[in-house]
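Participant: I need the structure of the sequence given here:
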Amino acid sequence: MYKGRERELEFPLAVAVSYHAGDRGKSGEVVRGYVACDLADRTPKQVERLYRKRSAIETSYRVFRQARVVTTTQDPIIRFAFVLVGFLLENLWLVLRWAVVARPQRGGRDLPEEFTFKTFSDWIRHALEEELERSWEIEMNGTGVPEAYAPAAG
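Facilitator: From the prediction side, this is the model:
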């Protein structure tokens, strides 16, 4: 289709520059480039704010999927309840991470990298398994391997 033809694509580019003034031990400038449609009426800072907000929304859904319940039920009420529990767990993690675990310091809080949502959900899973005494054993039928299969089982 394009054999022997020269193709050229043009994308509008917004370059936002910000500076670290000793922020969190970093210094210097940060240059971020964004490719987007309809940039004519927006400044690079506005595009950056828009993309950062969108990125936060996508991150929220990515974290939520880590707590997603796998179910075969078709009941929309139960499925909706599972979604609510997932979002509540994510918000509880955010509050605990910010208010309890993060260390206050000048210029903002120091958010710990080791207190991930996976760690938090593993703690909850472990506590529920202990509380509900989840059994990892299964009851056997008591007859064992039939004689016809004994050489193969052996």
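Participant: how would you label Cys37: helix, strand or coil?
Facilitator: coil (DSSP: H, G, I helix; E, B strand; the rest coil).
Participant: for Glu133, same thing?
Facilitator: At Glu133 the chain is in coil, as set by three-state DSSP.
Participant: Next one: it from Val70, what distance?
Facilitator: The spacing between Glu133 and Val70, counted by CB to CB, to the nearest Å, is 22 Å. C-beta: built from backbone N, CA, C; applies to glycine.
Participant: what stretches of this structure score poorly on pLDDT?
Facilitator: With pLDDT under 70 as the threshold, the chain has low-confidence stretches at 1-5, 9, 20, 22-25, 134-136, 150, 152-154.
Participant: For it, which segments count as helices?
Facilitator: For the chain, helices defined by DSSP state H occupy the ranges 44-66, 76-96, 117-131, 150-153.
Participant: could you give the angle of the longest one to helix 117-131?
Facilitator: Spelled out, that is helix 44-66. With axes from the mean of the first three to the mean of the last three CA atoms, to 10 degrees as the basis, helix 44-66 and helix 117-131 are set at 20 degrees to each other.
Participant: buried set for helix 44-66?
Facilitator: The neighbour-count check on helix 44-66 (16 or more other CB atoms under 10 Å) flags 44, 47-48, 51, 63 as buried.
Participant: Packing partners of that helix?
Facilitator: strand 13-21, strand 27-35, helix 76-96, helix 117-131 (3 or more CB pairs under 8 Å, 6 or more residues apart in numbering; DSSP states H and E).
Participant: Could you check the angle it makes with strand 27-35?
Facilitator: Counting by the same axes, to 10 degrees, helix 44-66 lies at 80 degrees to strand 27-35.
Participant: Including distance to Val31, could the helices of the chain go into CSV?
Facilitator: Compiled in CSV, those are given as follows (distance: least, CB to CB, whole Å):
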stretch, distance to Val31
helix 44-66, 10
helix 76-96, 29
helix 117-131, 30
helix 150-153, 66
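Participant: This protein - how does it break down into domains?
Facilitator: In the domain annotation for the chain, the residue ranges read 9-66, 72-133 (automatic domain parsing).
Participant: Just send those back as a markdown table, with distance to Asn141 too.
Facilitator: Conversion of those to a markdown table gives the following (distance: least, CB to CB, whole Å):
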| stretch | distance to Asn141 |
| --- | --- |
| domain 9-66 | 37 |
| domain 72-133 | 23 |
